[in-house]
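A.B. asks: Just the structure for this:
(3 chains)
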Amino acid sequence: MPQDKPDNISGLNEEFILHLPAFDGPLDLLLYLIEKNRFTLENLEVCPIIDQYLEYIRQLRSLDIALAGEFIEMSSYLIWLKSCLLLPTGNTDMEGVGESPVEELKQMLIVYRAMKQAAIDFNQRPLLYRDKFPRGSSGDERILALTGIASLMQAIDVIKSRTKRLVIQVKRNKVSIREVMGKIFKMLGEHEKIDLYDIAPSRQRSELVVAFMAALELSKRSIARIVQRGLFGRIYLVKRGDADNGK
Amino acid sequence: MESKEVLEALIFSADGTLAFKEIERIIPDISREKIDELISELNDLYLSTGRSFRIEHASGGYIFVTLEHYAPYIRAMHSPIRLSGAALEVLAVIAYKGPCSKQAIDTIRGVDSTSSLKNLIKHQLINIKPGKPMKYYTTDHFLEVFGLNSLSDLPDIKQFEEVFS
Amino acid sequence: MESKEVLEALIFSADGTLAFKEIERIIPDISREKIDELISELNDLYLSTGRSFRIEHASGGYIFVTLEHYAPYIRAMHSPIRLSGAALEVLAVIAYKGPCSKQAIDTIRGVDSTSSLKNLIKHQLINIKPGKPMKYYTTDHFLEVFGLNSLSDLPDIKQFEEVFS
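C.D. replies: Numbering: from 1, shown residues only, chains lettered A, B, ... in the order given. Okay, here's the model as predicted:
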């Protein structure tokens, strides 16, 4: 639960504070806004609450899309709830036990708040491995007693995440040296001299390697000459006169 | 009284909580009352001689644990248990409403509980009952960690249910 | 003397021998002589109050042990089955993939499973089906320990996504 909620939201007429701490979900934030603003559910101000939801989503959008979805779902629920309250029903006891939407939300909040309180109670107990330690417990890996199929499922998850990391992605090289040799040969028909980089326009390492291999092969077959002026200088391919036996 | 020291040695060398049944099996003709009496005598002795540990009653048995005062020093030796607020909420729902499905937990909290469930399973605080849907319930280790003998030791949830004005 | 009790709590909660270095890291400015002195004070106190345990000096540190006199009782104790993470992984693979060879298990896990298989056989959680290659399968005792009626009770892989997505 958020330990650091601001206490300075005093009333409905004052501006809502935009800097909100972490909330565990829309019910958590709704509960907080209701308690801090002393709303009653019957005269719930839906608009400022939804503004707060949207502001909160804006803050976490980049972090947690799923959580943002929960806030939007709750917002639409609140709008629906408010519209139920505003529409004339012909019969005035909208607050009838169990049936009314307000009563439903109230029940939801009561149950949620009780669980939140229970969680606070849990956290205030002296915890084993936090506040007190059993004898002989401080090893690096806590080896626990078997706890049914949950521990089996967890073990499978561990295998999955480990083997996932071990997968090496091998991309098939689609460029063959022979093809590139053909391409260079064709280019040399049009130009006397070509830059090695022009053969590998994407400048990807694999493409450059293939281009270089093809150039070496063409040089070996006396179709082209490889020329480089100076260390690390550009590499050029120059057509040789006797280029008849290439592919 | 010899069995007091036998009891102490057993709980001392037990792997986690030593169950009543196990004590009764090893020390024949010992009653539950007698066990409780000997444990309080031991704890009184630890208190009067300033020892850093006590024997606690949890999860249907007894366990030797260090006093809270020494936790900061021990924490420097190994990583303590860490549970987020969300995980504690999920744990509370399962402890009070369990066994229950993930959907039931998500409905009560108004938010998805996947990562909290995973974390609670990792800490072996909850287990899964197979079926469709699967249901979650708290383990004996949960009782041990939270110093409870059984789920009925938990405070009545009604005391947390204040009605909105 | 506060550090005497801190020292006691540290050795008490340590898993096995607590190294001198570790003590010196947690209790700053304590000398080896001082540690030895405090340990003998603690042991004198355990002796005079008739405790069933002592602190012993062992390979580069200190360890809590129960007196030999209590060994027959301690040996009679049944410890709960505890498995390492690796053993649990092997068990999970065998439970889900049915009778399978060691090679199949190693391939799935990406690491060698020899010692885990031995440990699981020792705990009677798995058994060997003779043949070439030998195959491993889970026992009825496994079902009992994990609270299953049959292997078909195991949640299917789709249900995993509920928690492990």
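A.B. asks: what's the lengthiest helix in chain A packed up against?
C.D. replies: Across chain A, the longest stretch assigned as helix under DSSP state H is helix A:101-124. Using 3 or more C-beta pairs under 8 Å, 6 or more residues apart in numbering or on different chains; DSSP states H and E as the contact test, the elements touching helix A:101-124 are helix A:26-37, helix A:65-86, helix B:85-97, helix B:102-109. (C-beta placed from N, C-alpha, C; glycine too.)
A.B. asks: in it, what counts as buried?
C.D. replies: The neighbour-count check on helix A:101-124 (16 or more other C-beta atoms under 10 Å in any protein chain shown) flags A:101-102, A:105-106, A:108-119, A:121-123 as buried.
A.B. asks: Does chain C have contacts with the biggest helix by length in chain B?
C.D. replies: Secondary structure of chain B per DSSP H: the longest helix is helix B:32-48. Yes - judged by C-beta under 8 Å from any C-beta of the partner chain, helix B:32-48 and chain C are in contact via B:L45.
A.B. asks: What average pLDDT does the helix or strand following that helix get?
C.D. replies: Counting by DSSP states H and E, the next helix or strand C-terminal to helix B:32-48 is strand B:53-58. Strand B:53-58 comes out with an average pLDDT of 95.
A.B. asks: other SSEs contacting the helix or strand following strand B:53-58?
C.D. replies: Using DSSP H and E, the next helix or strand after strand B:53-58 towards the C-terminus is strand B:61-66. On a contact count with 3+ C-beta pairs under 8 Å, 6+ apart, strand B:61-66 meets helix B:2-13, strand B:18-19, helix B:20-26, strand B:53-58, helix C:2-13.
A.B. asks: Out of those, flag the one nearest chain A.
C.D. replies: Closest to chain A of these, according to C-beta to the nearest C-beta: helix C:2-13, at 4.0 Å.
A.B. asks: mind checking how far whatever residue of chain A ends up closest to chain B is from C:S52?
C.D. replies: Closest contact between chain A and chain B, by C-beta to the nearest C-beta, is at A:G25 (2.9 Å). For A:G25, the distance to C:S52 equals 51 Å [C-beta to C-beta, to the nearest Å].
A.B. asks: can you map out the helices along chain A?
C.D. replies: Going by DSSP H, chain A shows helices at A:26-37, A:46-60, A:65-86, A:101-124, A:148-166, A:177-190, A:196-199, A:205-220.
A.B. asks: As JSON lines, those with mean pLDDT would be great.
C.D. replies: What follows is the helices of chain A, written out as JSON lines (pLDDT from 0 to 100):
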{"stretch": "helix A:26-37", "mean pLDDT": "79"}
{"stretch": "helix A:46-60", "mean pLDDT": "77"}
{"stretch": "helix A:65-86", "mean pLDDT": "76"}
{"stretch": "helix A:101-124", "mean pLDDT": "88"}
{"stretch": "helix A:148-166", "mean pLDDT": "84"}
{"stretch": "helix A:177-190", "mean pLDDT": "86"}
{"stretch": "helix A:196-199", "mean pLDDT": "82"}
{"stretch": "helix A:205-220", "mean pLDDT": "83"}
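A.B. asks: closest one to C:S84 among the ones you listed?
C.D. replies: Of all the helices of chain A, helix A:148-166 sits nearest to C:S84, with 10.3 Å by C-beta to C-beta.
A.B. asks: okay, the angle between the longest helix of chain A and helix B:102-109?
C.D. replies: Inter-element angle recorded for helix A:101-124 and helix B:102-109: 100 degrees (by axes from the mean of the first three to the mean of the last three C-alpha atoms, to 10 degrees).
A.B. asks: tell me the domain ranges of chain B?
C.D. replies: B:3-76, B:85-164 (automatic domain parsing).
A.B. asks: count of residues packed around B:T139?
C.D. replies: If you count neighbours by other C-beta atoms under 10 Å in any protein chain shown, B:T139 ends up with 22.
A.B. asks: Can you give me the distance of it to C:V145?
C.D. replies: Applying C-beta to C-beta to B:T139 and C:V145 gives a distance of 14 Å.
A.B. asks: Contact residues of chain B facing chain C?
C.D. replies: Residues of chain B lying near chain C (C-beta under 8 Å from any C-beta): B:5-6, B:8-10, B:12-16, B:18, B:22, B:25-27, B:45, B:49-53, B:64, B:66-67, B:70, B:73-74, B:76-77, B:102, B:114, B:117-118, B:121, B:128, B:130, B:132-134.
A.B. asks: ok so, going back, ranking the helices and strands packed on helix A:101-124 by burial, who's on top?
C.D. replies: Mean neighbour count (mean count of other C-beta atoms under 10 Å in any protein chain shown) peaks for helix B:85-97 among these, with a mean of 24.
A.B. asks: That one and chain A in contact?
C.D. replies: Yes - using C-beta under 8 Å from any C-beta, helix B:85-97 reaches chain A at B:85-86, B:88-89, B:91-93, B:95-96.
A.B. asks: Just the angle for that helix relative to helix A:26-37, thanks.
C.D. replies: 100 degrees.
A.B. asks: Output helix B:85-97 as PDB, restricted to C-alpha atoms.
C.D. replies: Presented in PDB, the C-alpha positions along helix B:85-97 are these (Å, rounded to 0.1, in the frame of the first residue of the first chain):
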ATOM      1  CA  GLY B  85       1.500  -3.500  -0.900                       C
ATOM      2  CA  ALA B  86      -0.300  -5.100  -3.800                       C
ATOM      3  CA  ALA B  87       1.100  -8.500  -2.900                       C
ATOM      4  CA  LEU B  88       0.000  -8.100   0.700                       C
ATOM      5  CA  GLU B  89      -3.500  -7.100  -0.500                       C
ATOM      6  CA  VAL B  90      -3.700 -10.200  -2.700                       C
ATOM      7  CA  LEU B  91      -2.500 -12.300   0.300                       C
ATOM      8  CA  ALA B  92      -5.200 -10.800   2.500                       C
ATOM      9  CA  VAL B  93      -7.900 -11.600   0.000                       C
ATOM     10  CA  ILE B  94      -6.700 -15.200  -0.300                       C
ATOM     11  CA  ALA B  95      -6.300 -15.600   3.500                       C
ATOM     12  CA  TYR B  96      -9.800 -14.300   4.100                       C
ATOM     13  CA  LYS B  97     -11.700 -15.500   1.000                       C
END
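A.B. asks: So what touches it?
C.D. replies: The contact list for helix B:85-97 (C-beta atoms under 8 Å, 6 or more residues apart in numbering or on different chains) reads A:1-3, A:24, A:115-116, A:118-123, B:83, B:100, B:104-105, B:108-109, B:111, B:113, B:115-117, B:119-120, B:125-126, B:136-138, B:142, B:151, B:154, B:157.
A.B. asks: again, only using 7 Å
C.D. replies: A:1-2, A:24, A:115-116, A:118-119, A:122-123, B:100, B:104-105, B:108-109, B:113, B:116-117, B:119-120, B:125-126, B:136-138, B:151, B:154, B:157 (C-beta atoms under 7 Å, 6 or more residues apart in numbering or on different chains).
A.B. asks: same deal with stretch B:144-152?
C.D. replies: Contact with stretch B:144-152 is made by A:122, A:125-129, B:16-17, B:56-60, B:63, B:95, B:125, B:138, B:143, B:154, as judged by C-beta under 7 Å, 6+ apart.
A.B. asks: give me the number of residues near A:R229?
C.D. replies: 8.
A.B. asks: next one: phi and psi at it?
C.D. replies: For A:R229, the backbone dihedrals are phi -100, psi 100 (criterion: degrees, to the nearest 10).
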